[in-house]
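Participant: model the structure of this input:
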Amino acid sequence: MESYLKQVKRRRTRLEILTRNPVNPYIQLISEYPDQILEFEDFDKDLLRLRELLQGYSRVVVELGSGSGGHLIERAKRDPAALCLGFEIRFKRSVRTVEKALKGGIRNLCLCRVDARIVDDLLGPNSVDDLYVNFPDPWPRRRSEKNRLLRGEFWNSLHTILKPQAKFYFKTDNDQYFSAVLSELSALEKFKILGQTLDLHASPYNTTNVVTEFEKLFLSQGEKIKFLEAIKV
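Facilitator: Residues are numbered from 1 along each chain as shown. Below is the predicted model of the structure:
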């Protein structure tokens, strides 16, 4: 049976063929940042580059689905001893993240432009100190729930890459997705939930919160932000 990693590579190749529109200037701009954006077109080469990069830092902070980079950049600014590693597939968001980081003098940041589901193929066991997943696609229709990032076997992948006692943080505006994640995590002996709230901005957790681009949008629409913090055990 074809391995999941090979399936992801194959689907990614098909996606590249469909999305490489020469009108999109950000496709060409990606190549201007070879040290900050790893595309894994030459998978083994970029994997080696990533492993070498990881060795230069005492801490590793990962954000799956880093978007336009506001949250990741702020984490890198607050924790200069950490490599802040974002997973983001979109061209424009990847380029804009790096542009803003470099403009602000931030060098401890790198993006992997690959499917976040292969994170454990890129990062070694017990290598990540903090892991953030902010506002992933909730796939709200019941028949689409299988497409959610945080579900099923993927929890094993996250547990593998996290260091002992490392933290996992999750934010969403979607009630159903939050309930599903809370239920799955509560049933796993590999994680312990340290805290949760249905209204982040009215809770003590807001004192250290970094507001994301999507978060600003949802707040402007009157949505309450759901948040939980868990630890690997």
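Participant: for stretch 81-100, buried residues please.
Facilitator: 82-91, 93-98, 100 (16 or more other Cβ atoms under 10 Å). Placement of C-beta: from N, CA and C, glycine included.
Participant: scratch that, stretch 32-39 is what I was asking about
Facilitator: Result for stretch 32-39 [16+ other Cβ under 10 Å]: buried residues 33, 36, 37, 38, 39.
Participant: once you drop chain neighbours, what's closest to the third one?
Facilitator: When you say that, I think you mean residue 37. Nearest residue to residue 37, sequence neighbours excluded (Cβ to Cβ, 6 or more residues apart in numbering): residue 111, at 4.8 Å.
Participant: in terms of helices and strands, where is that neighbour?
Facilitator: Assigned by DSSP states H and E, residue 111 falls within strand 109-112.
Participant: same check on residue 214?
Facilitator: Counting by DSSP H and E, residue 214 is found in helix 213-220.
Participant: could you give the mean pLDDT of that helix?
Facilitator: Here helix 213-220 scores 95 as its mean pLDDT.
Participant: extract the C-alpha set from that helix and format it as CSV.
Facilitator: What follows is helix 213-220 as a C-alpha-only set of coordinates in CSV (Å, rounded to 0.1, in the frame of the first residue of the first chain):
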residue,chain,number,x,y,z
GLU,A,213,-5.3,37.8,11.7
PHE,A,214,-8.3,35.4,11.7
GLU,A,215,-8.8,36.1,15.4
LYS,A,216,-9.2,39.8,14.7
LEU,A,217,-11.7,39.1,12.0
PHE,A,218,-13.8,36.8,14.2
LEU,A,219,-13.7,39.2,17.1
SER,A,220,-14.9,42.0,14.9
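Participant: ok, residues contacting that helix?
Facilitator: Residues outside helix 213-220 that contact it (Cβ atoms under 8 Å, 6 or more residues apart in numbering): 67, 68, 70, 134, 135, 171, 173, 201, 211, 225.
Participant: likewise for stretch 68-80?
Facilitator: Stretch 68-80 has contacts (Cβ under 8 Å, 6+ apart) with 59, 61, 63, 66, 82, 84, 86, 88, 93, 96-98, 100-101, 104, 106, 108-109, 130, 132, 134, 210-213.
Participant: next one: stretch 123-133
Facilitator: Contacts of stretch 123-133 (Cβ under 8 Å, 6+ apart): 51, 54, 59-65, 71, 75, 82, 85, 149-150, 158, 160-164, 166-171.
Participant: what do you get for stretch 151-163?
Facilitator: For stretch 151-163, using Cβ under 8 Å, 6+ apart, the contacting residues are 62, 117, 119-120, 123-129, 131, 145, 168, 180, 184-185, 188, 190-191, 232.
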